[in-house]
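Undergrad: following is a predicted model, sequence given first.
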Amino acid sequence: MSKELIINDTDHETRVALLENGNLEELIVERRMGENITGDIYKGKVIRVLPGMQAAFVGIGQDQAAFIYVTDVYSGIDEYERLMVKAAEEEGKEEENIDDEDLLPKPSLGQSFNIEELLHKGQDILVQVSKAPIGSKGARITSHISIPGRFLVLMPRTNHIGISRRIEDENERNRLKQIIGELKPEPERYGFIARTLSEGASKEKFASEINFLITLWENIQKRYAGMPAPSLLHKELDVTLRAVRDLFTQEADRLVIDSRSGYESILQFVDTFMPRLKESVELYEGPEPIFDAYNLETEIARALKKKVWLKSGGHIVIENTEAFVVIDVNTGRYVGKRNLEETVLKINLEAVKEIAYQIRLRNIGGLIIIDFIDMERGANREKVFNALKEALKKDRTKTNVLPTTEMGIIQMTRKRTRENLNRMLCEPCYYCEGEGSLKSKITVCYDLYREVMREAGEVTGDKITVKVHPDVADLLMGEEHDMVESLEKNLTKEIVILADSRFHIEQYEINGKNAIA
């Protein structure tokens, strides 16, 4: 199976595409103006403590205040961190940040704290962004710091050694635990989790990375002591180098980038941490843009559409709402060959693959409701449920899927890691103001009729001028001309219709008085 990383790197935007056998599987977009701050470490200042929510707002120098829950505030209790790390490992979590607010179970502590016992207004606090700002919500932060390397994640405030669940060989797990235990400085409070890529790595590599991570943490502490709040203390790798660290070798075996500076930066990084992969890094110098050369622009445009067609003729519709995302499966043009139940099962199973693909490609997070076409047989509903769980195994982001309801609906959650593709690349329609629909032209005509009747008493003279969008004007002077004649008869005034292409479809003006239908 061929996997490639294709990187389009410009001064204003970087796009990283993960391809599998030539098909776009994942897309990460980072813009300089909306740079991802997940993983960044700050010296923050508590702005407000909220006892009723057991949380606090913290200023970290961003436009919006960051938000921290009491369970994310470091209290010096070893048991808490031990349980959090254990929960992370049991869930197979091995990304940069250990906390997973939606999906990880919160540990039950023998000793619990109230937020007002740990934080007060004006207090300085060392925090790390666990979830970047999304929409109107500020960043989610934690004071349980975790610093990722290539093979290890350093947790400087716990004294635990963990191994990625994806390393299944017991002998290898024991070897890694022993090596880390020997290299870990004592009695310093340093914890480590061995990432998937650590499997088979030599003791020398671990020693080098442990020294690097500890030195990095010591520098962060020095900056914390010497800088005012709020201040950025440590910046995570940019999107290009994060892709190299987290996806190269683990998810891809070839990397192509179209920027000379980005190419040299990657070579320097690879030469330091993974020299054997230098030959797999290529600089693209073709005549056409790199994403056009790999036919990716078409796939990205398709990922922004609400309706996605299936090969059979069926389709799925993806609707983003404020609270959750709804995915609806429809038969479309597919009519089947034998019976209704077989037809529905075939479309649902085909939709499963596309839904899993679109969720990952669009980076849809939070609560997701999937409305499959209803099936009578419980065995068929079970087939669709199992097929969805299997298809989601390729997703590196944590998902949780609940069984199918009697109405054929599946509820699932997926961790929010960054803005989904639709929010990143689109904005609400200025024309419909994000409503997603407009009043029909005939509805505008009838609204206009009522408004003219209301305004007629204030109009002097024997003429009323109505200015509207050209499409509405055509309707008033064509199919709805009887309505205009009725107004003229009832009001004994001439109605003059004027078209103005600058008008919104719902906008009209009566004798110079502007209104919206």
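TA: Here it is on my side, so go on.

Undergrad: and the next helix or strand past the lowest-mean-pLDDT helix or strand in the chain?
TA: Here the helix or strand of the chain ranked lowest by mean pLDDT, DSSP states H and E is helix 78-90, holding a mean of 48. Tracing the chain C-terminally past helix 78-90 and defining elements by DSSP states H and E, one meets helix 115-118 next.

Undergrad: give me the neighbour count for Met453.
TA: 12 (other Cβ atoms under 10 Å). From N, CA and C alone the C-beta is placed, and that goes for glycine too.

Undergrad: any idea how far Cys432 is from it?
TA: Distance, Met453 to Cys432, using Cβ to Cβ, to the nearest Å: 27 Å.

Undergrad: can you check Thr343 too?
TA: 35 Å.

Undergrad: what does stretch 24-38 contact?
TA: 11-19, 62, 96-97, 129-133, 139, 236, 238-239, 243, 296, 299-300, 303, 357, 360-361, 363, 394, 417-419, 421, 424-425 (Cβ atoms under 8 Å, 6 or more residues apart in numbering).

Undergrad: just the buried residues of the residues you listed.
TA: Buried by 16 or more other Cβ atoms under 10 Å: 14-19, 62, 96-97, 129-133, 139, 236, 238-239, 243, 296, 299-300, 303, 357, 360-361, 363, 417-419, 421, 424-425, out of the contacts of stretch 24-38.

Undergrad: list phi and psi for Tyr42.
TA: Phi and psi for Tyr42, reported as degrees, to the nearest 10, are phi -130, psi 150.

Undergrad: beta partners for it?
TA: Applying DSSP bridges to Tyr42 gives these bridge partners: Val127, Leu232.

Undergrad: that one reaches Leu232, doesn't it?
TA: Yes: using Cβ atoms under 8 Å, Tyr42 is in contact with Leu232, at 5.7 Å.

Undergrad: could you check which of these two has the larger neighbour count?
TA: Using other Cβ under 10 Å, the more surrounded residue of Tyr42 and Leu232 is Tyr42, with 27 against 15.

Undergrad: what is the burial count for the residue nearest to Cys432 when sequence neighbours are not counted?
TA: Distances taken as Cβ to Cβ, 6 or more residues apart in numbering put Leu438 closest to Cys432, at 5.3 Å, once the chain neighbours are dropped. By other Cβ under 10 Å, the residues close to Leu438 number 16.

Undergrad: and the gap between Leu438 and Ile497?
TA: Leu438 is 20 Å from Ile497, by Cβ to Cβ.

Undergrad: can you check Met483 too?
TA: Noted for Met483: a distance of 11 Å to Ile497, by Cβ to Cβ.

Undergrad: overlap in contacts of these two?
TA: By Cβ under 8 Å, 6+ apart, the residues touching both Met483 and Ile497 are Leu476.

Undergrad: would you mind putting the CA coordinates of stretch 120-137 into PDB?
TA: C-alpha atoms of stretch 120-137 as PDB (Å, rounded to 0.1, in the frame of the first residue of the first chain):
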ATOM      1  CA  HIS A 120      -7.400  32.900  42.300                       C
ATOM      2  CA  LYS A 121      -7.800  36.000  40.100                       C
ATOM      3  CA  GLY A 122      -4.500  37.500  39.100                       C
ATOM      4  CA  GLN A 123      -2.500  34.300  39.700                       C
ATOM      5  CA  ASP A 124       0.200  33.300  37.200                       C
ATOM      6  CA  ILE A 125      -0.100  29.700  35.900                       C
ATOM      7  CA  LEU A 126       1.900  27.500  33.500                       C
ATOM      8  CA  VAL A 127      -0.400  26.000  30.900                       C
ATOM      9  CA  GLN A 128      -0.500  24.100  27.600                       C
ATOM     10  CA  VAL A 129      -3.100  24.400  24.900                       C
ATOM     11  CA  SER A 130      -4.900  21.000  24.700                       C
ATOM     12  CA  LYS A 131      -7.500  22.300  22.200                       C
ATOM     13  CA  ALA A 132      -7.200  25.300  19.900                       C
ATOM     14  CA  PRO A 133      -9.900  28.000  19.700                       C
ATOM     15  CA  ILE A 134     -12.800  26.800  17.600                       C
ATOM     16  CA  GLY A 135     -15.400  29.400  16.400                       C
ATOM     17  CA  SER A 136     -16.300  31.600  19.300                       C
ATOM     18  CA  LYS A 137     -14.900  29.300  21.900                       C
END
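
Undergrad: average pLDDT across it?
TA: For stretch 120-137, mean pLDDT rounds to 89.

Undergrad: repeat that for stretch 341-354.
TA: 91.

Undergrad: quick check: buried residues in it?
TA: Thr343, Val344, Leu345, Lys346, Ile347, Asn348, Leu349, Glu350, Ala351, Val352, Glu354.

Undergrad: Ile327: which of those is nearest?
TA: Taking Cβ to Cβ as the measure, Ile327 lies nearest Ala351 of those, at 8.4 Å.

Undergrad: how close does Lys467 get to His234?
TA: For Lys467 relative to His234 (Cβ to Cβ), the value is 59 Å.

Undergrad: so between the two, which is more surrounded?
TA: Neighbours of Lys467 and His234, each counted by other Cβ under 10 Å, are more numerous for Lys467; the result is 21 against 17.

Undergrad: tell me the spacing between Asn23 and Ile147.
TA: 34 Å.

Undergrad: actually Ile163, sorry about that
TA: 18 Å.

Undergrad: quick check: pLDDT value at the residue nearest to Cys432.
TA: pLDDT, Leu438: 86.

Undergrad: contacting residues around it?
TA: By Cβ under 8 Å, 6+ apart, the neighbours of Leu438 are Tyr431, Cys432, Ile505, Glu506.

Undergrad: neighbour-wise, which of these leads?
TA: Neighbour counts for the contacts of Leu438 peak at Glu506, which has 20 neighbours (criterion: other Cβ under 10 Å).

Undergrad: and that one, backbone torsions?
TA: phi -90, psi 0.

Undergrad: my read: it touches Ser440, true?
TA: No: with contacts counted by Cβ under 8 Å, Glu506 stays clear of Ser440, the gap being 9.8 Å.

Undergrad: neighbour count: Asn23 and Ile147, which is higher?
TA: Ile147 (21 against 12).

Undergrad: just the strands in the stretch 101-250 of the chain please.
TA: 124-131, 140-142, 147-148, 152-155, 161-163, 191-194, 231-234 (DSSP state E, counting those that start in this stretch).
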